[in-house]
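**Student:** I'll drop the sequence and a predicted model, then ask my questions.
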Amino acid sequence: MSNNTTSAALPSPTGIFLSALALASRFLGGSPPADQGQIHTSLPDGYKVVDLTWSGPITDSGPEETFTGASMRDIETKILAAHPDFKFPTVNATSLEEGLAKRDKDHLTCKPGVPGEFWYAEKRYIDAGIEYLAGKTGKCSIDAGPRTCSRISCSYDSGIYWCNDNPERIEENCLLFSHYAQDIVDECTFTHGGIEQLMGQEFSTSSWNIMAVWSKDHC
């Protein structure tokens, strides 16, 4: 008498090894940052994540154009698809600092929200985000708040967010973001298990803020 019972196929040792290798490569830096494309709700309940909008001239003498995306890198990808020769204009460092000095910063906290609401990001990836954002000129805008945020930069689960607490849509100089994020790095970095980590939130007097935190988007 034959036995017609079918047993479930077990995964092969090769398949298990490849899956483990793919997972390990993510945390060891073996895969590129996924900082563009679809938006996810990556902040705690009560926050809303929306697209970021950028406006600026594409050429020295050309008119301003507007692009919208899931992050600044996503926006740059869209600009380059339409204008392959585009480069963000450079700015005079001295005049930039003078302009930024006039922008009022309210306060900074290194442990935003309630305990367990946010998690720590790795400093090296926030540093990379700051370096990228530092050269991005133009005007950035975000939907009405409160607690409406755009993920302006993210790599290896370490995100920089711009959040609006105003009841109306706002527009700001995109270059401000890297300065706020740098303040968070300077004030909130600590070392645990040999890894430099941080999380923090800096507020402006104009009812918006920048957060540097762990992102569950797996970016």
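**Tutor:** Now that the structure is in, tell me what you want to look at.

**Student:** ok, the residue nearest the centre of the chain - contacts?
**Tutor:** Residue closest to the mean C-alpha point of the chain, counted by C-alpha atoms, centre = their mean, is residue 153 at 2.4 Å. Shown in contact with residue 153 (C-beta atoms under 8 Å, 6 or more residues apart in numbering): 35, 71-73, 129-130, 132-133, 159-160. To be clear about C-beta, it is placed using only N, CA and C from the backbone, and glycine gets the same treatment.

**Student:** ok so residue 125 is a strand residue?
**Tutor:** No - judged by DSSP: H, G, I helix; E, B strand; the rest coil, residue 125 forms no part of a strand; its state is helix.

**Student:** and it, how many neighbours?
**Tutor:** 23 (other C-beta atoms under 10 Å).

**Student:** what do you get for residue 172?
**Tutor:** For residue 172, the neighbour count with other C-beta under 10 Å is 17.

**Student:** spatially nearest residue to it (excluding sequence neighbours)?
**Tutor:** Leaving aside its sequence neighbours, residue 172 sits nearest to residue 140 (C-beta to C-beta, 6 or more residues apart in numbering; 5.8 Å).

**Student:** strand partners of the helix or strand encompassing the one you found, parallel vs antiparallel please.
**Tutor:** Taking DSSP states H and E as the criterion, residue 140 maps to strand 139-142. Paired neighbours of strand 139-142 in the sheet (DSSP bridges): strand 52-57 (antiparallel), strand 170-173 (antiparallel).

**Student:** buried ones in the longest one, by neighbour count?
**Tutor:** In this case it means strand 52-57. 52-54, 56 (16 or more other C-beta atoms under 10 Å).

**Student:** and which of these is nearest to residue 122?
**Tutor:** The shortest approach to residue 122 among the buried residues of strand 52-57 belongs to residue 52, at 22.3 Å (C-beta to C-beta).

**Student:** who touches that closest one in this structure?
**Tutor:** Contacts of residue 52 by C-beta under 8 Å, 6+ apart are 68-72, 75, 140-142, 150-152, 162.
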